[in-house]
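Enquirer: Kindly generate the corresponding structure for this input.
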Amino acid sequence: MPRTLEVRVDQVGPVTGNGIVRTHSVAIDRPVEKGGADRGPMGGELMLLSLGGCFLSNLLAAIAARSADVADIKITVTGTIGGTPERFEAMDMRVVARYTDPELMRRLVSIAERGCLVTNTLKAAVVLSVTLEREE
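Expert: Got it, this is the predicted structure:
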């Protein structure tokens, strides 16, 4: 049976929205140079954040389930914009962490990628790549 998630975005100023998720809220705006007030990230930036956040959540769960020796995870998500109308044509996630077992870490990244709702959704629409690097 399908499940649903729901969020709400309310206008709170001439160019600013307030995104509401459960008991959390986030300002959504454009930078000044795009006519906004720069009170929060743009929707496209939030999309990239949601990809990184979903992936990290799944990665941390996989690490915890295996008591893996992994620390200091940093994920950088880069979106490449193109096309008419503009859209993300590609997204790249760079995962940097300290870990002792490279093979296990590759497996954990693969588990997180398969378990992430956002990666599963976006793979059908954009070129999505994940790169793992080891922090020394």
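
Enquirer: nearest residue to residue 12 other than its sequence neighbours?
Expert: Nearest non-adjacent residue to residue 12, counting by C-beta to C-beta, 6 or more residues apart in numbering: residue 18, 4.6 Å away. Any C-beta I mention is one placed from the backbone N, CA and C, and that applies to glycine too.

Enquirer: er, residue 88 actually
Expert: Per C-beta to C-beta, 6+ apart, closest to residue 88 is residue 79, 4.6 Å.

Enquirer: I'd guessed the one you found sits against residue 44; true?
Expert: Yes. Residue 79 lies in contact with residue 44 (C-beta atoms under 8 Å); the separation is 6.8 Å.

Enquirer: The two: which has the busier surroundings?
Expert: Using other C-beta atoms under 10 Å, the more surrounded residue of residue 79 and residue 44 is residue 79, with 16 against 13.

Enquirer: who are the neighbours in contact with the more buried one?
Expert: 44, 47, 48, 88, 90, 91 (C-beta atoms under 8 Å, 6 or more residues apart in numbering).

Enquirer: among the residues you listed, who's most crowded?
Expert: residue 91 (23 neighbours).

Enquirer: Which elements pack onto the longest helix that the chain contains?
Expert: Longest helix in the chain, counting residues (DSSP state H): helix 43-66. Under the contact criterion of 3 or more C-beta pairs under 8 Å, 6 or more residues apart in numbering; DSSP states H and E, helix 43-66 touches strand 24-28, strand 70-82, strand 87-99, helix 102-115, helix 117-122.

Enquirer: before we move on, back to that, spit out the contact partners of the residue nearest to residue 12.
Expert: Per C-beta under 8 Å, 6+ apart, neighbours of residue 18: 9, 10, 12, 25, 26, 27, 28.

Enquirer: Could you measure from the spatially closest residue to residue 115 that is not a sequence neighbour over to residue 108?
Expert: Setting aside the residues directly before and after it, residue 115 is nearest to residue 58 in space (C-beta to C-beta, 6+ apart), at 4.2 Å. Per C-beta to C-beta, to the nearest Å, residue 58 is found 9 Å from residue 108.
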